[in-house]
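>>> Fold the following for me, if possible:
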Amino acid sequence: MNMFSYERYLIYGGWVLRKIVQIDEEKCDGCGVCIPNCVEGALQIIDGKARLVKDSYCDGLGACLGHCPKDAIKIIEREAEEFDEEAVEEYLSNRKPIRQDTEIKSTLNQWPIQLNLVPIRAPFFENSDLLLLADCAAVAVPDLHNKLLKGKTVVMGCPKFDDARKYADKLTEVMKQNTLRGVTVVHMEVPCCRGLKGIMDYALKESGKMIPSQALLIKIDGSIERK
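Numbering: from 1, shown residues only. Below you'll find the predicted structure:
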């Protein structure tokens, strides 16, 4: 501890004037993107917000700053405990490792999955619940496999960049030539993606079959609405 820090240590009871991160709780949405970018482990998600665990764990260099999508983290100068590298090493060594058995497992049970590539007749279609999934929805839903895909046969497509009529005709034949228990279409809230529901409705009508169906809308934050 240098003389300047030692004097401040005596004056402020162990605190010194230094640079340290500050989190704007109103901006922070608890996404956790900043957490792995703090190698000292000074940040954690607590009560749905990113929070500084302890002042002495933060080196004030701001490696986490550029990774916050909400711009909720900044470097300020305030009275704080000095950065303690030894305390950080002890803290990191005592943290519990992430259990591997908590990882999300894949529930995909067939291949291919792109609507243009799947065969019209296939064993995986028989007596299945079909999931007609917009390409972007697979990225937008964090827990896609557990929330939507589990127990279903999936076909994916994008009605904006592919031939929507070809999709409709292909899906019609899939419905005609296989026995489906139900169909769920999942699309994003943007207008171009809503065409996927129209494709499903057309195929259901042209197939001549009474197949239970539903439509789910995915918002940009990953939330799901039944339409």
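
>>> Let's verify the residue nearest the centre of the chain: helix, strand, or coil?
Residue closest to the mean C-alpha point of the chain, counted by C-alpha atoms, centre = their mean, is residue 142 at 3.3 Å. Recorded secondary structure, residue 142: coil (DSSP: H, G, I helix; E, B strand; the rest coil).

>>> Would you confirm that residue 203 belongs to a strand?
No. Under three-state DSSP, residue 203 sits outside any strand and is assigned helix.

>>> re earlier: now the residue nearest to the centre of the chain, what are its backbone angles?
phi -60, psi -40 (degrees, to the nearest 10).

>>> And for residue 172?
Given degrees, to the nearest 10, the pair of backbone angles that residue 172 has is phi -60, psi -50.

>>> Residue 125 too?
According to degrees, to the nearest 10, residue 125 has phi -80, psi -30.

>>> Distance of it relative to residue 177?
Distance of residue 125 to residue 177, given as C-beta to C-beta, to the nearest Å: 8 Å. C-beta: built from backbone N, CA, C; applies to glycine.

>>> quick one, which of these two is more surrounded?
Per other C-beta atoms under 10 Å, whichever of residue 125 and residue 177 has more neighbours is residue 125, with 20 against 13.

>>> was I right about the more buried one contacting residue 174?
Yes. Contact criterion C-beta atoms under 8 Å: residue 125 and residue 174 qualify, at 6.3 Å.

>>> intersection of neighbour lists for the two?
residue 180 (C-beta atoms under 8 Å, 6 or more residues apart in numbering).

>>> immediately after the helix or strand of the chain with the lowest mean pLDDT, which helix or strand?
In the chain, no helix or strand scores lower on mean pLDDT, DSSP states H and E than helix 3-11, which sits at a mean of 46. For helix 3-11, the succeeding helix or strand toward the C-terminus, using DSSP states H and E, is strand 15-23.

>>> tell me what that next one is packed against?
helix 3-11, strand 49-52, strand 73-81 (3 or more C-beta pairs under 8 Å, 6 or more residues apart in numbering; DSSP states H and E).
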